[in-house]
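>>> sequence isn't available, so here's the structure alone:
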């Protein structure tokens, strides 16, 4: 189990919008050590992550795209023609 200080660093990084390298540079942390902390936090966050089924209905006159809004505040916009299989593989990589 990570200490509260280490958990706070991981949460601060997730909200910062910085890369791990950038965050570690600002905070004076070792990148490899910090990456290990992130890996140890993943099981704690995994139980909170939920995927819900959605139905995408195109609207006339609107450019078709899929926009994913992540809890971190980051957004990812993809063409509406993106296959569910590819999107599923992407989400598994982000987990």
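Received it, and whenever you're ready, just let me know what you need. The model shown is predicted, which means the values in this text are computed figures rather than measured ones. Numbers count the residues shown, from 1 in each chain.
>>> this structure: strands as residue ranges?
Here the chain has its strands, by DSSP state E, at 65-69, 75-79.
>>> show me the domain layout of this structure.
4-46, 65-94 (automatic domain parsing).
>>> closest one to residue 52 among the ones you listed?
Closest approach to residue 52 among the domains of the chain (C-beta to C-beta): domain 65-94, 11.9 Å. Placement of C-beta: from N, CA and C, glycine included.
>>> mean confidence for that closest one?
Averaged across domain 65-94, the pLDDT comes to 80.
>>> try stretch 22-42
Stretch 22-42 comes out at a mean pLDDT of 91.
>>> how far away is residue 66 from residue 31?
Noted for residue 66: a distance of 32 Å to residue 31, by C-beta to C-beta, to the nearest Å.
>>> same question but for residue 7, I mixed them up
18 Å.
>>> equivalent analysis for residue 11, please.
18 Å.
>>> ok, and the closest non-adjacent residue to residue 7?
residue 41 (6.5 Å; C-beta to C-beta, 6 or more residues apart in numbering).
>>> so the one you found sits right up against residue 2, yeah?
Yes. If you go by C-beta atoms under 8 Å, residue 41 and residue 2 touch, sitting 6.4 Å apart.
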